[in-house]
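Trainee: Give me the fold of what follows.
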Amino acid sequence: MSAVTAIAKREIRSFFNSPMAYITLGVFLLLSGYFYFNTLFLVGQASLREFFNLAPLLFVVFAPALTMRLLAEERKAGTIELLLTMPIRDSHVVLGKFIAALVIVAIGLLLTLPYALSVANLTAANSSFDWGPAVGGYLGLLLMAASFIALGLWASSLSRNQIVGFIIGLLLCFAFYIIDRTAVFLPASMGSVFEFLSVDYHFRNIARGVLDTRDLIFYFSLTGAGLLLTTRTLATSRQ
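Mentor: Okay, here's the model as predicted:
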């Protein structure tokens, strides 16, 4: 695990040593803040509902933007070959880069906690703020981000070009986000399958403050599949 930790620390340092860190996190906070303050000041409701409704769509773009350089840039610079010749497993490389991206997402979510705290403070004196959906919403966003990061890493491993990696990752994440919207055009048996494959469907379940093992299994399975595909792609590059 020391190799995984070293790779994760290297990626986090590299990210925050570049302007991309502050641009990416800044845009994320700007857009998420707009959704929150739009509800607070224009609609007049102290609620996180709009933030949680639109945050998943932000992650469709945010996750591929984080992962597009993690492997594509290494392949383009030729450093991936050097990395793969070291006495570490391909899975360690993938896991280290995955953890680094997930930590950055967690930092971005942590910076939005003032939204929840302000809503709690603005709750009427004769009622109490229900933290269940808020905690569930943040947990759901983190699980969704993990699955999107895994898909984005696989996309990044398929090309030497960061833009190509970003586009492939964006398409993959968007497909898993919107697939349940197509269920209405399908027979009921197929529609339920498409609905189950939607990350947004499972996120909405968790955001209600109820943890269902089916939702957790879905996110863990999708994340694991993305990491496995990335590892297999790196193994092919090694040969």
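Trainee: Could you pull up the residues touching T231?
Mentor: Neighbouring residues of T231 by Cβ atoms under 8 Å, 6 or more residues apart in numbering: 90-91, 94. Bear in mind the C-beta positions are built from the backbone N, C-alpha and C, glycine included.
Trainee: Give me the average confidence score over whichever strand or helix holds it.
Mentor: When elements are assigned from DSSP states H and E, T231 belongs to helix 213-238. Here helix 213-238 scores 89 as its mean pLDDT.
Trainee: in it, what's buried?
Mentor: 215, 218-219, 222-223, 226-227, 229-231, 233-234 (16 or more other Cβ atoms under 10 Å).
Trainee: From L170, how far out is the spatially most central residue of the chain?
Mentor: Central residue of the chain (Cα atoms, centre = their mean): A145, 1.8 Å from the mean position. A145 is 14 Å from L170, where distance means Cβ to Cβ, to the nearest Å.
Trainee: same deal with Y201?
Mentor: 20 Å.
Trainee: Ok, A72 next?
Mentor: Taking Cβ to Cβ, one finds A72 at 14 Å from L170.
Trainee: Can you name the element that comes right after whatever helix or strand Y115 lives in?
Mentor: Assessed by DSSP H and E, Y115 sits inside helix 113-122. Sequence order places helix 131-157 as the next helix or strand after helix 113-122, per DSSP H and E.
Trainee: hey, C-alpha coordinates of the helix or strand just after that following helix in PDB?
Mentor: Scanning forward in sequence from helix 131-157 by DSSP H and E, the next helix or strand is helix 162-178. Extracted C-alpha coordinates of helix 162-178, given in PDB (Å, rounded to 0.1, in the frame of the first residue of the first chain):
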ATOM      1  CA  GLN A 162      -6.100  14.400 -22.900                       C
ATOM      2  CA  ILE A 163      -9.000  16.000 -24.900                       C
ATOM      3  CA  VAL A 164      -9.900  12.600 -26.300                       C
ATOM      4  CA  GLY A 165      -9.800  11.100 -22.800                       C
ATOM      5  CA  PHE A 166     -12.000  13.900 -21.600                       C
ATOM      6  CA  ILE A 167     -14.600  13.400 -24.400                       C
ATOM      7  CA  ILE A 168     -14.700   9.600 -23.900                       C
ATOM      8  CA  GLY A 169     -15.000  10.000 -20.100                       C
ATOM      9  CA  LEU A 170     -17.700  12.600 -20.600                       C
ATOM     10  CA  LEU A 171     -19.700  10.400 -22.900                       C
ATOM     11  CA  LEU A 172     -19.400   7.400 -20.500                       C
ATOM     12  CA  CYS A 173     -20.500   9.400 -17.400                       C
ATOM     13  CA  PHE A 174     -23.300  11.100 -19.300                       C
ATOM     14  CA  ALA A 175     -24.600   7.800 -20.600                       C
ATOM     15  CA  PHE A 176     -24.800   6.300 -17.000                       C
ATOM     16  CA  TYR A 177     -26.400   9.600 -15.800                       C
ATOM     17  CA  ILE A 178     -29.100   9.800 -18.400                       C
END
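Trainee: who does helix 162-178 touch, helix- and strand-wise?
Mentor: helix 49-67, helix 72-77, helix 131-157, helix 199-207 (3 or more Cβ pairs under 8 Å, 6 or more residues apart in numbering; DSSP states H and E).
Trainee: let's go with 6 Å and repeat that
Mentor: When contacts are defined as 3 or more Cβ pairs under 6 Å, 6 or more residues apart in numbering; DSSP states H and E, helix 162-178 sits against helix 49-67, helix 131-157, helix 199-207.
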